[in-house]
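Peer 1: My questions concern the predicted model and sequence given below.
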Amino acid sequence: MTTLGNKLNKQHILDIVRMEAVWPQEVGSDDQEIHYYHIIDALNRKWQTIGYNVSDAIEVFEKGKTNVWTRIIEPAPFNPKLTTNDLIQMFHISPEDEYIRNAMQIILNSVERRNEFIARSIYINEQDTFNLLCNMKGEYLRQHQLTDEEFTELYAANPVEALSVYFLESVDIHLYWEWAGAGGTCEKAIQYKQEAPEMTLIQAVERAEDEVDCYVSGY
């Protein structure tokens, strides 16, 4: 049997229907034939997999590993009301996994991004979810950054929120104080991100501190 630890697909199954035989045999051997099965998962995607019976098909589906027998045949429809909480439930993010919860909230900060996350997901498990979040964060930082004007305006109104959106990471008042204490400014953040779009705020703080140390020492 497939255990929770070696499942590649961990999402809930909403419906499963047996379809035609993969390799039709003689009449009377139906219970020994491998059939196609169509599965609707918790993300509202339709999959095709195979098995001798429902239990076998579910086990094949959970193991995944090949797009020959187990694959998505209908993607999830766009959901204009999709929320971060919906994703947390769909992807089985535990209350203890605060990093993934916070990352989803910050990185997937629009209904379009949340739907894109579902569209780009294949297997639902902790590692694949984490990897996709990291990949999408890097893409957004490189290709869909706030404009200088948008960031400057947001920074003037709420620097903590501005830094969180700009760096796509969780920023609290203490981290903002570190940034400001190191001489960090709106202009410096823009300069750093232009040079290194995927720079983290901690890295930006360290760079600002190094620049202050160099200035003080005369180097």
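Peer 2: Sure thing, it's come through. Residues are numbered from 1 along each chain as shown.

Peer 1: worst-scoring helix or strand of this protein, pLDDT-wise?
Peer 2: Taking mean pLDDT, DSSP states H and E as the measure, helix 201-217 is the helix or strand of the chain with the lowest mean score, a mean of 82.

Peer 1: In terms of secondary structure, what does that helix contact?
Peer 2: Applying 3 or more CB pairs under 8 Å, 6 or more residues apart in numbering; DSSP states H and E, one finds that helix 201-217 contacts helix 159-167, helix 173-181, helix 186-195. Where you see a C-beta, it was placed from the backbone N, CA and C, and this is true even at glycine.

Peer 1: That helix: how far from the chain's middle?
Peer 2: 32 Å (CA atoms, centre = their mean, to the nearest Å).

Peer 1: before we move on, what about stretch 147-154?
Peer 2: 26 Å.

Peer 1: So which bits of it are buried?
Peer 2: 151-152, 154 (16 or more other CB atoms under 10 Å).

Peer 1: what does stretch 40-56 give?
Peer 2: Neighbour-count burial for stretch 40-56 flags 40-43, 45, 47-51 (criterion: 16+ other CB under 10 Å).

Peer 1: Need the helices and strands packed on helix 201-217 in a markdown table (columns: distance to E20).
Peer 2: Below are the helices and strands packed on helix 201-217 laid out as a markdown table (distance: least, CB to CB, whole Å):
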| stretch | distance to E20 |
| --- | --- |
| helix 159-167 | 50 |
| helix 173-181 | 58 |
| helix 186-195 | 54 |
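
Peer 1: Spit out the contact partners of the most centrally placed residue in the chain.
Peer 2: In the chain, the residue lying closest to the centroid (CA atoms, centre = their mean) is L133, at 3.3 Å. L133 is in contact with 100, 103-104, 107-108, 117, counting by CB atoms under 8 Å, 6 or more residues apart in numbering.

Peer 1: hang on, it in a helix?
Peer 2: Yes. Judged by DSSP: H, G, I helix; E, B strand; the rest coil, L133 forms part of a helix.

Peer 1: where does the protein have low pLDDT?
Peer 2: Across the chain, residues meeting the criterion (pLDDT under 70) sit at 1-6, 26-31, 65-66, 213-219.

Peer 1: which residues of it fall in helices?
Peer 2: Using DSSP state H, the helices of the chain run over residues 54-63, 84-90, 98-107, 111-120, 126-143, 148-157, 159-167, 173-181, 186-195, 201-217.

Peer 1: Enumerate the positions of the fourth one that are buried.
Peer 2: Across helix 111-120, burial judged by 16+ other CB under 10 Å covers 114-118.

Peer 1: Also the first one?
Peer 2: Using 16+ other CB under 10 Å as the burial criterion, the residues of helix 54-63 that qualify are 57-58, 60-63.

Peer 1: Straight-line length of stretch 165-177, end to end?
Peer 2: Using CA to CA, to the nearest Å, the end-to-end distance of stretch 165-177 comes to 17 Å.

Peer 1: what's it in contact with?
Peer 2: By CB under 8 Å, 6+ apart, the residues outside stretch 165-177 that reach it are 102, 106-107, 109, 137, 140-141, 145-146, 151, 154, 159-161, 163-164, 189, 193, 199-202, 204-205.
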